Structures are given as C-alpha cells and as structure tokens.
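Peer 1: Sequence first, then the predicted structure, then my questions.
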Amino acid sequence: MEDSDYIIVGAGSAGCVLAERLSASGRHRVTLIEAGGSDRRFYVQLPLGYGKLFYDPAVNWMYRTEPDPGLAGARDHWPRGKLLGGSSSINAMVWIRGHRADYDEWGQAAPGWGWDACLNAYRAIEDNEAGADAWRGQGGPLFISANRQGLHPLVQNYIAACAQAGLRENPDFNGAEQDGAGVYQMTIKGARRNSTARAFLRPAMRRRNLHVLTKAQVTRVLIEGGRAVGVELRRAGQVEILRARGEVILSGGAINSPQLLHLSGIGPGGLLQGMGLPVLVDNPNVGKHLSDHQGINYTWAMTVPTYNDVLRPWWGKLLSGAQYLLAGRGPLAKSINHAGGFFRTDPGQPRPNMQLYMQAFSTLIPRDGERPILSPDPWSGLSIGLSNCRPTSRGEIRIASPDPLAHPVIVANAFSTQNDVDEMLAAVKFLRKIAAQPAMARLIREELRPGPSITEDADLIADFRARSGTVYHPSCTCRMGSDPALSVLDARLRVRGVDRLRVIDASSFPNLIAGNTNAPAILVGWKGAALVLEDAR
C-alpha cells in the first residue's frame, strides 16, 4: 500500500470525524484503520437495536474490569464499539455536550479548549432539528433529532413529577442552562442511528484520497529517531507495515489508545520494563486518571401500560416491527431514554452533579448474552436511572501482557472516594422523591428495585454498590494539559516526547464532562482535525 500523509487508528466517534475533515481538501492521502468491521448491520441501524449489540463480540470489544470493591467485588461489563462508528454505532444516542463550566476547566488545563471555542465548534458540527440559535447549530454534517414526536405518555408524568419535586422543566439541556428535567436530543436521522460512520465517514469514503481498512488491528506505532513514522498491524492473519509521511493519530478511545501507547514503548517505565518492552518515553500518566460515570436504576411496577406491554408479547413485537418498517415510527425508532435531566444533590453545588434517565420500561429479568431492551419484563414497568456527573474516583488502564491482542487491565475504582458515595446516596433518595410526587405516585403499583424495605443509609449504599455500573463514559486516560508532569498530550493533542504522534479521542479529555461523552468525543475529533491541518501548513 502507498504511504499516507495521515494514518488514523480507530474509526470511532472521533476517528470518523478526523477521516472526513483531513481528506476534505483532496490534498492529503488519509488511511483510516479499524479493528472491527462494517456498521451496515440491521441492529446497528435500528435505534432500539442496541440491546442486541451489548454482548455481541462481532461489534463489541466486550471488556471487563478487574473485580471492583466499590461495586461489591463485581467485574463490570464495559461494552465498546468495534466497528465503523465505534461506540457511536452501539450507544444509546443521547446528545449532551456537558456544562459550559466543564469546558472552562478544559481551557484552564489546555489553552484553546475553553467554552467559547468549543461552542463555536459544536454549532459548526450540528444540524439541529430544533433550529439554530445562540446555542444550537444548523447546517452542519451531524443531524440531531429534537425528539419531540412519538414520546411515551409517561414522559409528561415524569417531567411533571420532577417539577413537583423542585426540578423545573428544561427544553434544551444543550442551551443556556443544564439544570432541569426534559426530553433528550438524539443522534437519530430518518428513524436510523446517526453514528459518526453515517454522518461523516460514509460520505467521505467516496473520495479517492481516503482509504479505509477494516478488520485490521494495529499492534504498535513505529517510532524512529523520536518520530512516529507508521504502524504495524495484523490483518487476515498477516503482519503489515503502513508508513505515514505526516502524522500518526490514535483514535482508539479511552481503553485502546493508552494500551497502544504502552505497546509502542510510551508509558510508565516500570510497567513496560516488566513486560519486556522498550521504554521510549517514560510517562507515568499514560493510562492513569481514568474517569467514568457510575449509574443505577430504580424500578417500579406501574398501573398503566409501558413499553413492556408493547415489546414483550409476540403480537407487540409484530406491531412495533410493522410500525417501524412501514412508517419509521414506534418504539423501535427511538432510544429507550426518552427523557432525563440534571440536578444538584445539594444547593451548595456550583452546577449539576447528577444526571437522570427516564425509561418507560424495565428489564429486571436477565437474558443470556443480551441486554433485554427488546424483550422486557412481563409486567408494566418503569425505570428512572441516574449517574454521577463529576466523580472524584480514578482508575487506570494498563497492558496485561506484551501480547497486543490481549485485553488490557481495567481498574475502575468505582465509588472509591467518600465524596462519590455521599453524592450517590443523596441522589438515590431524590429518585424516590420524584416517584412520590402526585404526577407519578398515582400511577405506581409498587417499587420493585431496590424495594420498600431498603430505607437505611447503610442499606441504600450497599444496594447501589451491588447494582451500579458504568454508564459507558470512560475518559481522560491520555489527557491533554499544559503541565508536562500531569498530562500525556499538549494542548494541540501531541504526545509528549514523540514527534508526529497525536491522540485525538475521549482519552484526551482533561476531565470528564457532565453528561454523555459521544458529543465531546466528536468535538475533539473536529477541533483536533483543525489543529492537524494548521500544523501541516
């Protein structure tokens, strides 16, 4: 294969954006390498089909954490996308940017990443169905559904109950304020998932200067004379070498990017030496500072129908399938998270520290190898979930062996600080406060999880340790920053100590934003591409 100007490793939320932006002028030859395969699968395109992808190794890295004392010793399941579009092809499609103060903190850590600069980038990225204003963009490459049609009737009860509990309605979490309850915007277009593969990569693949390799796993970055010159990869059982005239860009995400840096000799010197790997750059921050949101659901049996009543029986499946295939409507055309919100566990918090998820269904009965979204419980159930926005617990990613095909070690360290425990305790009590309001209480038959007998603080804590888990937002493992002692990357996303090597994905976040991480990962891809092109002039 010909040499490329740019090699991008990973076709996920950031990688697909990079491939489109770097190839747009036609002046640069770009190679995008993805370990997984195509996104053209029915359950990938079907918005509610992500339950089928949750344990599917054909599209999912299927990671597991080390046993976590903070989660009662459990090994948490961490699904990550292994296909074109990455995790944007298997996620729940909620479009949340995060709080402006998150980006002000980014800007303090890395100049050029403050709120004003990021807002301008978001407005350029978006084609928001709700229209353009001071906060939203319209006309960009990524269509964002306002999600106002076909909502379950219980959404209005939920919003009303939140208002009765003191949390007002918010029509746009990506607008002037984040606090409140309301409907989530979605990356759904024409009743199909609008992943970065669909919105960015597929149009760009028509260009002759963009080459996409699938089912090709990069095993190390080639570094000569302190400069990244290419990558080694395995494809169809063969080892291949691809060389880059310009830069190598890692976009594997918060797990794969630090793993690949370790395998390439960049990371904690003692760890690499212990694995028999050469130490090219001794940086203890590579793989450290792992941040993730932890979440839990409370679940109730209802006296009114929910999606359980529609999606459980065979005739309901048939009806829902017909609605979707004939009209692009019904529950299959949406994420299960119709609504949610953001709140503060105490008034002294400077900004929201908890996120809500309202789901008009329940899945307490497990199914082997599946997250049973399409086969919920045989009763009318409703769940309200939450996750912490600013956890102070930190974990790490590290290679388990020098074998590049071995999964890395993931130490999540969930609820390892008293701050995170105290915030979650206050938050789960607020879930019950919402359910106790007249707009919701009159429709509830009984609380199923954790159940009315769980009332003492110690029991509530034991419950959320036993039932919580990741909400799939790992970040910050190759974070950027101005201080070389604390960061892996500089503010231009360049790896310290190696020329022509960058990391552009969620691992580069200086800190974890308040909300779902797909939007900021796309933002990093968009702004990162601009930095690459500026430095090429």
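Peer 2: That came through, no problem.
Peer 1: All the strands of the stretch 401-537 of the chain, residue numbers only.
Peer 2: 409-411, 444-449, 469-470, 501-503 (DSSP state E, counting those that start in this stretch).
Peer 1: For the first one, name the packing helices and strands.
Peer 2: Right, strand 409-411. strand 396-398 (3 or more C-beta pairs under 8 Å, 6 or more residues apart in numbering; DSSP states H and E). (Glycine included, C-beta is placed from N, CA and C.)
Peer 1: Where does the prediction get shaky in this protein?
Peer 2: Applying pLDDT under 70 to the chain flags residues 1.
Peer 1: mind checking the longest strand of it?
Peer 2: strand 238-250 (DSSP state E).
Peer 1: Figure out how far it is from the centre of its chain.
Peer 2: Counting by C-alpha atoms, centre = their mean, to the nearest Å, strand 238-250 is centred 26 Å from the centre of its parent chain.
Peer 1: May I see the buried residues of the helix or strand following it?
Peer 2: Downstream of strand 238-250, the next assigned helix or strand under DSSP states H and E is helix 253-263. For helix 253-263, the neighbour count (16 or more other C-beta atoms under 10 Å) marks 253-263 as buried.
Peer 1: again, but for stretch 298-306
Peer 2: 298-302, 306.
Peer 1: want to throw those into a markdown table with secondary structure and distance to Ser25?
Peer 2: Output for the buried residues of stretch 298-306, formatted as a markdown table (DSSP: H, G, I helix; E, B strand; the rest coil; distance: C-beta to C-beta, whole Å):
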| residue | secondary structure | distance to Ser25 |
| --- | --- | --- |
| Tyr298 | strand | 51 |
| Thr299 | strand | 51 |
| Trp300 | strand | 54 |
| Ala301 | strand | 58 |
| Met302 | strand | 55 |
| Thr306 | coil | 50 |
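Peer 1: ok, of these, which one's closest to Thr187?
Peer 2: Thr306 (24.3 Å; C-beta to C-beta).
Peer 1: Might one say that the closest one is in contact with Leu382?
Peer 2: Yes. Assessed by C-beta atoms under 8 Å, Thr306 is found in contact with Leu382 at 5.5 Å.
Peer 1: Next, show the common contact partners of those two.
Peer 2: Contact criterion C-beta atoms under 8 Å, 6 or more residues apart in numbering; residues shared by Thr306 and Leu382: 154, 360-362.
Peer 1: which of the residues you listed has the most neighbours?
Peer 2: Ala360 (29 neighbours; other C-beta atoms under 10 Å).
Peer 1: quick one: it from Phe430, how far?
Peer 2: Distance, Ala360 to Phe430, using C-beta to C-beta, to the nearest Å: 19 Å.
Peer 1: I'd like to know which of the strands of the stretch 401-537 of the chain lies nearest to Val229.
Peer 2: Taking C-beta to C-beta, strand 501-503 is the member of the strands of the stretch 401-537 of the chain nearest to Val229, at 9.6 Å.
Peer 1: And the closest one, what does it pack against?
Peer 2: strand 238-250.
Peer 1: in the strand it packs on, what's buried?
Peer 2: In strand 238-250, counting by 16+ other C-beta under 10 Å, buried: 240, 242, 244, 246-250.
Peer 1: Going by distance to Ser453, which of those wins?
Peer 2: The closest of the buried residues of strand 238-250, once distances to Ser453 are taken by C-beta to C-beta, is Leu250, at 49.1 Å.
Peer 1: Could you measure from the residue nearest to Asp483 when sequence neighbours are not counted over to Gly180?
Peer 2: Closest residue to Asp483 apart from its sequence neighbours, by C-beta to C-beta, 6 or more residues apart in numbering: Ala109 at 8.0 Å. According to C-beta to C-beta, Ala109 and Gly180 sit 28 Å apart.
Peer 1: With Gln108 instead?
Peer 2: Distance of Gln108 to Gly180, computed by C-beta to C-beta: 27 Å.
Peer 1: who's more crowded, these two?
Peer 2: Gly180 (21 against 14).
Peer 1: which ones are touching the more buried one?
Peer 2: Listed by C-beta under 8 Å, 6+ apart, the contact set of Gly180 reads 162, 167-170, 173, 341-342.
Peer 1: just Glu20 next, same as before
Peer 2: Going by C-beta under 8 Å, 6+ apart, Glu20 touches 141, 200-201, 203-204.
Peer 1: Could you do Leu18 as well?
Peer 2: 6, 8, 32, 249, 251, 504, 525, 528-529, 532.
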